[in-house]
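Peer 1: return a 3D structure for these sequence lines:
(chains A and B)
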Amino acid sequence: MIFENTQVQINNLPAVKQVHFQQLDRAFLKVEYISSLIFFGFLFFVIFIFVMLASSEVRWVKILVASLWLFWFMLSLLLVKKNYDIAGYAIRQHDIVHRKGVVFRNLTTIPFNRIQHCEISEGPVEKLFELSTLKVFTAGGATSDLAIGGIRKEEAQLIKEFITRKIGAHDEEE
Amino acid sequence: MRKNDIAFLTEPTRQSYVAIFLILFRLIKVVARQAWPFLLIFLFNPKKENGSPFFTTIFIVIAIGVAIMSIISYFKFYYYIEDDELVIEKGVLKKTKLNVPIDRIQTVNFKQGILHQIFKVVSLEIDTAGSTGHEYVINALSREQAEMVRDYVESQKQQIQVEKQGIEGSAEVQVQPNKLLLQLSPKDLLKIGVSQNHLRTAGVIMAFFWGFYGNIEDALNIDISKILNSWLGFNKEVWLVYLLMGLPVFLILSFLITLVTTILKNYDLHFWRTASGFKLVSGLLTKNENSANLPKIQLIRWTTNPLKRIFGLFHVRLSQASSVAVSKRMAINIPGAYEEQVTAVRQAYFPQEPLQEFEFHHISKLVIVRRMLYMGLLPTIVIMLWTYSMMGKAILIWLLLLPLTFFLSKRYHRNWKIFISVDGLRTSSGIFTERNVLLQWYKVQSVSIRQSIYQRRKELADLTFYTAAGAVKIPYIDLSKAQQIKDYVLYKIEIDKRGWM
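Peer 2: Next up is the predicted model:
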């Protein structure tokens, strides 16, 4: 193959900012809320035991810990909602894009011809709502991989098949 | 000769008998690591307890158990080649059979500890790329056997490469002799040892003793601070004198330790350009022979610091595609090379580099603001509050940290340079050290753009390129620039049909 080295007109390239992001399923919001509740419930339980067992002299510590818990819990719930509004994914002709994060916004793009394989997994809470997580693996290590939660099971299956076909097509081209 | 080799390799073969000692030695190390407090008590306990016969018996029982395990493991270990796969059978209680397809083998490396070198055997390490990256190790082979295995694997892989490239590339497979690129003389080693990061060793030693402080106190049942006080008295001035005397001693100690470890690790270093890539041989107590296959190299890094600059030295690292945990170890690491070798390595990895035009970019000046805030203002306030009780009004002196951080931050910004060309990227950064990275676009696996809340407001971003051997991050770049570069790189990944490894 002759290696072409023509200058590329950058303006003609499909810009990522024009991408329309597919939002995650509405039910995913509930999944995230429930996960949050479970976590903070557990934490509350632990703190409760601590409060009961600790002596009454350290009253101010107990109040501090309890208010920290409350603050963190409230903040967490807020972030869950905000993250749900922001989170999204998009499947384009040559790659898959994932956006997430409230405080730190991350936009990760993986070209199909760099995908090693895909997996679909389900957390216990996700399963209740018939949602699943699509995992996309690259050779770039864990930070380079995608994990998109909150996709309906059937959709996830379709996407996985689509990607698998794309990977196969690329391999054949070579 | 070839027929004989293959015949030998296809039959289940045991390792060299030296392996028994190695397994034994390794098991002893493992036991020692767990039981060292007991050993310490046993040896140093001032009040010799009557329980020592008990400990001795246990000790002997463990020792015998370990010896028996070693011998049995040796006899149960086999390796051979079958159907284009390297097979390893091992295990005493739990029998394991490992199959490694030869085309999944990335590199075959040799390693020799002191014991290996004495008995002239070699430990063979096989690295496979892939996210589950296992490492396969055959503890002791005679050098002859090991080289046979390595040559066989490499010739098989070259054959596969030829088949892959079809008619086109077959002319490339000529047997070229290895070219020695670098050989470190004792004088070079000295230069490298001297120009290492001694402060880091000092930090490691401090952390080591800090951690051990408590353990030693518990194990020996003593109170170190009480003992010190009884020696030195409670006089503050005496303490200060001892501290001032101790500090230079401590620094000299760090310097010597770094020097010695560097010389030991890089003793007699030879760096070769081979037909398939590069090879590095070095070390005294542990002799390493690592190969890097050119297509597997994802990134090149070379670093220098003020000390190194005096000698014209660079620390060069070739990062290969490997499982993430292994890739740092598997990188070919040359602690001190000259401009000549850096050029040779760049030339081999990115042949078009000198022919391409590189566009120069700075990162955003606002990074100075961020650094001033997190590394200047915040720590200064914290330190001021922390030392208020001790220093009173004198804490104002800490404000001098602010102009200092400003100066350093400006330098950080000025030194952060980005060079972009049609086929790759070069970055250069660092305040006093200079870290360079060379990356070809087609090696990129995925791209991410990250923005903090502040960056979103200022339309800035961190742009990261992930490769199979590590990530390259450009901080605080204009969002629009980041998007343009990212779109271009994605386009390049799509159209460049070269395999990234």
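Peer 1: can we go C-alpha only for contacts and neighbour counts from here?
Peer 2: Noted.
Peer 1: downstream of the helix or strand containing A:L37, the next helix or strand is which one?
Peer 2: A:L37 is part of helix A:26-53 when elements are defined by DSSP states H and E. Sequence order places helix A:59-86 as the next helix or strand after helix A:26-53, per DSSP H and E.
Peer 1: which helices and strands does the one helix or strand B:Y152 maps to pack with?
Peer 2: Secondary structure assignment for B:Y152, by DSSP H and E: helix B:143-165. For helix B:143-165, the packing partners by 3 or more CA pairs under 8 Å, 6 or more residues apart in numbering or on different chains; DSSP states H and E come out as strand B:121-128.
Peer 1: who does the strand it packs on pair up with?
Peer 2: Each strand that pairs with strand B:121-128, with its direction, by DSSP bridges: strand B:105-112 (antiparallel), strand B:135-142 (antiparallel).
Peer 1: and the last one, what's buried?
Peer 2: By neighbour count on 16 or more other CA atoms under 10 Å in any protein chain shown, the buried set for strand B:135-142 is B:Y136, B:V137, B:I138, B:N139, B:A140, B:L141, B:S142.
Peer 1: hmm, back to that, turn the strands paired with strand B:121-128 into a markdown table, columns for mean pLDDT.
Peer 2: Output for the strands paired with strand B:121-128, formatted as a markdown table (pLDDT from 0 to 100):
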| stretch | mean pLDDT |
| --- | --- |
| strand B:105-112 | 85 |
| strand B:135-142 | 83 |
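Peer 1: tell me the secondary structure for the residue nearest to the spatial centre of chain A?
Peer 2: With distances taken as CA atoms, centre = their mean, A:I148 lies nearest the centre of chain A, 4.3 Å away. At A:I148 the chain is in strand, as set by DSSP: H, G, I helix; E, B strand; the rest coil.
Peer 1: for it, what are its contacts?
Peer 2: Contacts for A:I148 (CA atoms under 8 Å, 6 or more residues apart in numbering or on different chains) come out as A:Y89, A:H98, A:T133, A:L134, A:K135.
Peer 1: ok, B:V281 next?
Peer 2: B:D268, B:L269, B:H270, B:F271, B:K287, B:N288, B:E289, B:N290.
Peer 1: re the thing from before, for the strands paired with strand B:121-128, give me CSV that also has distance to B:Y213.
Peer 2: Written out in CSV, the entries for the strands paired with strand B:121-128 read as follows (distance: least, CA to CA, whole Å):
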stretch, distance to B:Y213
strand B:105-112, 34
strand B:135-142, 36
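Peer 1: ok, A:F40 to chain B distance?
Peer 2: Computed as CA to the nearest CA, to the nearest Å, the A:F40 to chain B distance reads 26 Å.
Peer 1: contacts for the helix or strand containing B:K226 next, please.
Peer 2: B:K226 is part of helix B:224-232, with elements assigned from DSSP H and E. Outside of helix B:224-232, the residues that reach it under the criterion CA under 8 Å, 6+ apart are B:E217, B:V238, B:W239.
Peer 1: please apply the same query to stretch B:356-367.
Peer 2: In this structure, residues lying in contact with stretch B:356-367 by CA under 8 Å, 6+ apart are B:409, B:413-414, B:416-422, B:460, B:474-478.
Peer 1: which of the residues you listed sit farthest apart?
Peer 2: Greatest spatial distance among the contacts of stretch B:356-367 (CA to CA): B:S409 and B:V422, at 30.6 Å.
Peer 1: bridging residues for residue 108?
Peer 2: No chain specified, so I'll use chain A. With DSSP bridges applied, the residues forming beta bridges to A:T108 are A:H98, B:S448.
Peer 1: chain B was what I was after
Peer 2: Residues in a beta bridge with B:V108, per DSSP bridges, are B:I126.
Peer 1: that one against B:S123, yeah?
Peer 2: No. Because the distance of 10.3 Å does not satisfy CA atoms under 8 Å, B:V108 is recorded as not touching B:S123.
Peer 1: so which of the contacts of helix B:224-232 wins on neighbours?
Peer 2: Neighbour counts for those were taken using other CA atoms under 10 Å in any protein chain shown; the highest belongs to B:W239, which has 15 neighbours.
Peer 1: now name the helix or strand holding that one.
Peer 2: Counting by DSSP H and E, the element that carries B:W239 is helix B:236-265.
Peer 1: how big is the angle separating that helix from helix B:224-232?
Peer 2: 120 degrees (axes from the mean of the first three to the mean of the last three CA atoms, to 10 degrees).
Peer 1: mean confidence score for helix B:236-265?
Peer 2: What helix B:236-265 shows for mean pLDDT is 83.
Peer 1: on contacts alone, who are the packing partners of it?
Peer 2: helix B:186-194, helix B:198-220.
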